[in-house]
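> Okay, predicted coordinates and the sequence, questions at the end:
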Amino acid sequence: MYKTPAIVLRSRKIGDTDKVLTLYAANLGKIEAVAKGVRKAKSRLAGHVEPMTHATFMLAKGKSLDVVTQVETIEPFAALRDDLDRLSRAVYVCELLDRFVEPHADNFGLYRLLLATLRRIAEREDVDTPVRFFEMALLDALGYRPELEECVACRTKLAPVLNYWTAAGGGVVCPACRRDEMAVRPISANAVKLLRLHLHGRFSDVSRVRVDAELALELERALGEYVRWVLERDVRSAAFIDAVRRRRGVAHGIEPRDVGYTGAATAANAED
Amino acid sequence: MNEQLGAAPAPVTRLIEEFHRLPGIGPKSAQRLTYHLLRVPHGDAVALAQAIIELKERTVLCSVCQNVTEDDPCAICRDDRRDRAVICVVEEPLDILAVERTRGFHGLYHVLHGVISPMEGIGPEDLKVNELLARVRGGAVQEVIMATNPNLEGEATAMYASRLLTPLGVRVTRLARGLPMGSDLEYADDVTLSRAIENRQDV
């Protein structure tokens, strides 16, 4: 029997009334645990084990999976659940962490990063900047820091011009080294500068920068493409963010998912 | 296939495999069910087989509410006594039975056949959302009650549907969240309890 604070990353149904939770625990990293009976209306645990809940878990060692015996919520993050924009970003962040880390690799820094990110998404007007900051911090923490100072091919210092972003190359390639067969997307000098700030700055620095929609989209696509390249798969909840964005009062009819420079993205996938 | 000496005859293994594919049936239960059927009278086994065939051949989805039915439109959608101004939206056909048991709802239903689940990659395009919008655009509807489950996926679905429906000039409501009968206040989670306080009622 042990006790740990943890954040619920996701849950999946199992059996008639149980759920298997994926938790990110403070000093244990990613773990799975069974919450029994939580799909019954009178379950004592049910309200404490929804995704994105920050809670103290009492867990009993089980044969294969540990079993949740008690939970007490620390932060329910109700604000994340009441708003589709916040909810979609929070789910994406949880999915990203779940996909990036292996079970039982403890990393207290990531636990704190996740908590801070969820709080920012819950409280801030701009729900996307916390997500970008999280993506960069996660990539950096797990050894996928993108190259933002030198061209990944010729290693010369990047000039403040229109350069190219290459997910496969792990950073920025200069116009001289760029080849037609490379899967690249143009990246502005401002976007590279802002990415550097995401990498080296604190969130308070990043959040003070006024970013227009175009620049924000540039960052989202560059980081998103890199994340997909590292994971070698799509992040499913990214499609939900797109759907939520399109549905700001518009009539229904799902268009194909906008992945930006589709040519580059598919070429990157084809290389895997 | 692992054809071992003394293994069960092919028809037996085949049925075990079929049962095993059903939700909640493990290998042991599949074996038990199969050997049980070997022992029952011939007529009982045929009746079961026939029931499965009829299930598939004699049911359709109601073209109005998407519920499972023998006749299209279904009995509820055809019933003149039901209030056509209110639609109760549920995730699964079984949820209709739960709401009907209350005898407290006299409107019509709409079955989504699932729920938005961002991490599973299940989006609104996989649900019967367009059919719901078409019904609301039809005009007679004044209120849509979102009766999806009070969990992350159900909430996401309710909020998403509300974003689509509200511009059509219809009232969108959500089932109240509060304390279950017979439960204990000290074990209530914060979200449920705060909702219960917000939505308190005069005694």
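Looks like it came in fine. Just so it is clear, the structure is predicted and the values come from calculations on it, not from any experiment.

> any low-confidence regions in chain B?
B:1-6 (pLDDT under 70).

> rerun that using 80 as the cut-off
For chain B, the stretches flagged by pLDDT under 80 are B:1-7, B:24.

> List the residues that contact residue A:118.
Residue A:118 sits next to A:7, A:52, A:54, A:77, A:80, A:90, A:93 when contact means Cβ atoms under 8 Å, 6 or more residues apart in numbering or on different chains. No exception for glycine: its C-beta is placed from N, CA and C like everyone else's.

> Give me the most central residue, chain B.
Nearest to the mean C-alpha position of chain B, counting by Cα atoms, centre = their mean, stands residue B:92 at 1.3 Å.

> quick one: contacts for it?
With Cβ under 8 Å, 6+ apart as the criterion, the residues that contact residue B:92 are B:111, B:113, B:114.

> What residues does the residue in chain B that chain A sits nearest to make contact with?
Residue nearest to chain A within chain B (Cβ to the nearest Cβ): residue B:189, separated by 2.6 Å. Contacts of residue B:189 were listed using Cβ under 8 Å, 6+ apart, and they are A:46, A:47, A:48, A:73, A:76.

> Residue A:208 is in contact with residue A:197, correct?
No: using Cβ atoms under 8 Å, residue A:197 is not in contact with residue A:208; the gap is 9.7 Å.

> ok, those two, which is more surrounded?
Under the neighbour definition other Cβ atoms under 10 Å in any protein chain shown, residue A:197 and residue A:208 were set side by side, and residue A:197 has more, 17 against 10.

> Work out for me the element the more buried one sits within.
Assigned by DSSP states H and E, residue A:197 belongs to helix A:189-200.

> ok, and of the contacts of residue B:189, which contact chain B?
Checked against chain B using Cβ under 8 Å from any Cβ of the partner chain, the contacts of residue B:189 give the following subset in range: A:46, A:47, A:48, A:73, A:76.

> Which of those has the largest number of neighbours?
residue A:48 (27 neighbours).

> who touches the residue of the stretch 1-150 of chain A found nearest chain B in this structure?
Of all residues in the stretch 1-150 of chain A, residue A:47 sits closest to chain B, with a separation of 2.6 Å (Cβ to the nearest Cβ). With contact taken as Cβ under 8 Å, 6+ apart, residue A:47 is in contact with A:73, B:188, B:189, B:190, B:191, B:192.

> List, one by one, the residues from chain A near chain B.
Near chain B, the residues belonging to chain A are A:10, A:15-16, A:41-42, A:44, A:46-48, A:50-52, A:73, A:76, A:78, A:81-84, A:87-88, A:91-92, A:94-95, A:98, A:236-237, A:239-240, A:243-244, A:247-249, A:251-254 when assessed by Cβ under 8 Å from any Cβ.

> any idea how chain B splits into domains?
When chain B is parsed into structural domains using automatic domain parsing, the resulting residue ranges are B:10-58, B:61-202.

> Can you say which of those is packed in most?
Ranked by average neighbour count under the criterion mean count of other Cβ atoms under 10 Å in any protein chain shown, those are headed by domain B:61-202 at a mean of 17.

> ok now that one, how far from the chain's centre?
When C-alpha coordinates are averaged (Cα atoms, centre = their mean, to the nearest Å), domain B:61-202 and its chain have centres 10 Å apart.

> Equivalent analysis for stretch A:140-148, please.
Using Cα atoms, centre = their mean, the mean C-alpha position of stretch A:140-148 is found 14 Å from that of the whole chain.

> circling back: want to throw the ones next to chain B among the contacts of residue B:189 into TSV with pLDDT, distance to residue B:24 and secondary structure?
Supplementary listing: the ones next to chain B among the contacts of residue B:189 in TSV, determined by pLDDT from 0 to 100; distance: Cβ to Cβ, whole Å; DSSP: H, G, I helix; E, B strand; the rest coil:
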residue	pLDDT	distance to residue B:24	secondary structure
A:46	88	20	helix
A:47	86	25	helix
A:48	90	25	helix
A:73	92	30	strand
A:76	91	31	coil
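
> Tell me the residues on chain B that lie near chain A, please.
Proximity of chain B to chain A (Cβ under 8 Å from any Cβ) is limited to residues B:24, B:116, B:118-121, B:123-125, B:129-130, B:133, B:151-152, B:155-156, B:159-160, B:163-164, B:166-167, B:180, B:182-184, B:187-192, B:194.

> Domain parsing of chain A, as residue ranges.
Following automatic domain parsing, one finds the domains of chain A at A:2-75, A:78-145+A:189-251.

> Can you convert those into CSV and add a column each for distance to residue A:175?
Below are the domains of chain A laid out as CSV (distance: least, Cβ to Cβ, whole Å):
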stretch, distance to residue A:175
domain A:2-75, 41
domain A:78-145+A:189-251, 12
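
> Out of those domains, the one nearest residue B:42 is which?
domain A:2-75 (31.8 Å; Cβ to Cβ).

> quick one: the helices in the chain?
Picked chain A for this. The residue ranges that make up the helices of chain A, judged by DSSP state H, are A:78-81, A:84-100, A:108-123, A:128-141, A:189-200, A:203-208, A:213-231, A:236-246, A:262-271.

> my question was about chain B
If DSSP H is used as the criterion, the helices of chain B fall at B:10-20, B:27-39, B:42-57, B:75-78, B:93-101, B:129-137, B:152-165, B:190-198.

> Now for the contacts of residue A:118: which two are most distant?
That would be A:54 and A:93, which, of those, are the farthest apart (Cβ to Cβ) at 13.1 Å.

> neighbour-wise, which of these two wins?
residue A:93 (26 against 20).

> Point out where chain A drops to low pLDDT.
Applying pLDDT under 80 to the predicted model, the residue ranges of chain A that meet it are A:247-272.

> try it again with 90
A:13-17, A:39-44, A:46-47, A:62-64, A:82, A:106, A:179-183, A:246-272 (pLDDT under 90).

> So which residue is dead centre in it?
Per Cα atoms, centre = their mean, the C-alpha nearest to the average position across chain A is that of residue A:93, at 3.2 Å.

> Would you list the phi and psi of residue A:143?
Summarising the backbone geometry of residue A:143 under the convention degrees, to the nearest 10, its torsions are phi 90, psi 20.

> Show me which parts of stretch A:228-235 are buried, residue by residue.
Applying a neighbour-count criterion of 16 or more other Cβ atoms under 10 Å in any protein chain shown, the buried positions in stretch A:228-235 are A:228, A:229, A:230, A:234, A:235.
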